[in-house]
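Enquirer: Build me a structure from this.
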Amino acid sequence: MKQLLWTLNTLALIAFFSFNLNAQVQTPAPSPSSKLTQDVGLTEISIEYSRPGVKDREVFGDDGLVPYGKVWRLGANAATKFSFDKDVKIADAELKAGDYAVLAKPGASKWEFMFYTYESGRWSSYLEKEAVATATAAAKTGKHKVETMTFSVDNVKAATADISLHWDNTVVVLPLSVDTDKQVQASIDRVMNGPSSNDYYAAASYYHESGKDLKQAAKWIEKATEGDEPRFWQVRRKALIYADLGMTDKAIAAAKQSMALAEKAGNDDYVRMNKKSIAEWSK
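Expert: I've put the predicted structure just below:
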């Protein structure tokens with residue numbers, strides 16, 4: 001009986017200490033993270049940042065939480081991240097599609113924003129780097145006090161929008177523009193000009209691998225490989241389709257062409273595959 005009680009007490013102690021080792025008290029983050037995503041025309045904009053609060057402090061100013069003339073991480077905890085899936089223009093800064101860490105230098109009437117190729121959220125790592133672009137924007141007093149720092153994308157139109165920063169009594173607006181007309185025209189031209197070589201290749205590959213109409217697959221792969229610069233992997237598919245259709249001479253000719261293109265591209269795998277096929281089909 002004593003042994004049983006000792007065992008139960010031991011198990012209870014183990015369970016108690018295991019719980020205390022693994023249990024963690026969860027509390028709200030003082031500056032919660034946020035992600036904003038907005039489409040402007042055909043361009044997707046996203047902003048990831050941490051949102052500090054005023055908390056009865058003086059925010060912007062010479063003696064404020066964020067001093068004038070000093071580089072700021074544009075939020076709390078980590079560098080703020082702007083992402084664009086297409087090229088954009090922000091104020092007077094032209095930015096390629098990609099991810100950017102954004103730091104700022106606030107002023108009483110004007111702010112400077114610095115855009116760096118995003119590497120990590122460690123904002124101090126960008127201080128010694130050169131910004132890929134900079135933009136300036138006017139600061140003004142907002143109509144209402146905003147307790148928690150907030151980014152918004154406002155006045156969204158087909159090719160323009162405003163990226164706005166609101167915190168305390170300050171509002172800073174960065175005008176954004178995208179070349180929606182060029183993007184739409186490219187889409188129109190692409191569709192109206194018919195399928196691309198990649199579209200024909202994909203359709204031919206699907207029909208070939210699925211055992212569907214090989215004659216149709218041959219027509220599509222011929223479309224994919226016409227022109228002066230066919231791809232070696234596409235010509236390889238043409239050789240395989242011809243071989244499965246029993247068109248041996250055409251299959252060998254295509255395999256030789258694919259092999260030559262692969263040699264030029266430095267792809268030894270395709271050179272090997274084509275050599276093997278040529279030997280088999282030549283028997």
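
Enquirer: do you know how far Lys212 is from Ala224?
Expert: Lys212 is 16 Å from Ala224, where distance means CB to CB, to the nearest Å. C-beta: built from backbone N, CA, C; applies to glycine.

Enquirer: which one of the two has more residues nearby?
Expert: Ala224 (25 against 12; other CB atoms under 10 Å).

Enquirer: Was I right to think the more buried one contacts His208?
Expert: No. Ala224 lies out of contact with His208 (CB atoms under 8 Å); the separation is 11.7 Å.

Enquirer: After the helix or strand that contains Gln185, which helix or strand is next?
Expert: Secondary-structure assignment from DSSP states H and E places Gln185 in helix 180-192. With elements assigned by DSSP H and E, the helix or strand that comes after helix 180-192 is helix 197-210.

Enquirer: So which residues of the stretch 101-250 of the chain form strands?
Expert: For the stretch 101-250 of the chain, the strands defined by DSSP state E, counting those that start in this stretch cover 110-117, 133-154, 160-177.

Enquirer: Those into TSV, with extra columns for mean neighbour count and distance to Glu44?
Expert: Formatted as TSV, these follow (neighbours: other CB atoms under 10 Å; distance: least, CB to CB, whole Å):
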stretch	mean neighbour count	distance to Glu44
strand 110-117	19	17
strand 133-154	15	11
strand 160-177	20	12
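
Enquirer: could these go into JSON lines alongside mean pLDDT and distance to Ala217?
Expert: Converted to JSON lines, the strands of the stretch 101-250 of the chain look like this (pLDDT from 0 to 100; distance: least, CB to CB, whole Å):
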{"stretch": "strand 110-117", "mean pLDDT": "97", "distance to Ala217": "43"}
{"stretch": "strand 133-154", "mean pLDDT": "95", "distance to Ala217": "46"}
{"stretch": "strand 160-177", "mean pLDDT": "97", "distance to Ala217": "45"}
